[in-house]
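Participant: Kindly generate the corresponding structure for this input.
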Amino acid sequence: MARNKIQFQKGMSLVEFFQRYGQEGQCRDQFFKWRWPNGFECPLCCCREYCTLKTRELYQCNRCHHQTSLTSGTILEASKLPFTIWFLGMFLMTQTKNGISAMELSRQLGVSYNAAWRLKHKLMQVMKERDDSRPLQGHVQLDDAYWGGEKHGGKRGRGSANKHPF
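Facilitator: Okay, the predicted model is just below:
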């Protein structure tokens, strides 16, 4: 019997993840490449020449002197969590088969529940926006589901009168 290609697709192991993104510098470099794939570009004048400030982690345009950080304008903006926590959160959310709760994310990342909840919801929002730009194509198969709850004293299950298939 042939293996299901989706079920058995190769993922990234935890060891491989920590080799690639185990240190803050590795995560910063990767995020820089994701944000500016063709090198730094000033958000105001689109100049590619820049310098970095010594006192703060900012990039300054050589032409208009506009200063920007690596995280400004992204979901990581105003976050105090290190890049390693964000990257590990991304890994855990995308590699678990059944998803991960904010409480479990909090335990795994060693952060408060509120921080884990915000991280998870920001990542889910970005994934949703990316999926919205790519509509499904071809033959799509769906499983049936029913919406509604149990009425007291009524029939239970799929045959319940107050459940609606969708």
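
Participant: if I pick the residue nearest to Leu58 when sequence neighbours are not counted, what's in contact with it?
Facilitator: For Leu58, ignoring the flanking residues on the chain, the nearest one in space by CB to CB, 6 or more residues apart in numbering is Gln67 at 4.7 Å. Bear in mind the C-beta positions are built from the backbone N, C-alpha and C, glycine included. Under the criterion of CB atoms under 8 Å, 6 or more residues apart in numbering, the contact list for Gln67 reads 53, 58-61.

Participant: Looking at the residues you listed, which is nearest Arg20?
Facilitator: Taking CB to CB as the measure, Arg20 sits nearest to Tyr59 out of the contacts of Gln67, at 23.4 Å.

Participant: need the contact list for the closest residue to that closest one other than its chain neighbours.
Facilitator: Spatially, and ignoring its direct neighbours in sequence, Tyr59 is nearest to Tyr50 (4.9 Å; CB to CB, 6+ apart). For Tyr50, the contact set (CB under 8 Å, 6+ apart) comprises 40, 42, 59-62.

Participant: and of the residues you listed, the nearest to Gln95?
Facilitator: Out of the contacts of Tyr50, the one with the shortest distance to Gln95 is Phe40. That distance is 30.5 Å, counting by CB to CB.

Participant: how much space between the closest one and Ser79?
Facilitator: Computed as CB to CB, to the nearest Å, the Phe40 to Ser79 distance reads 21 Å.
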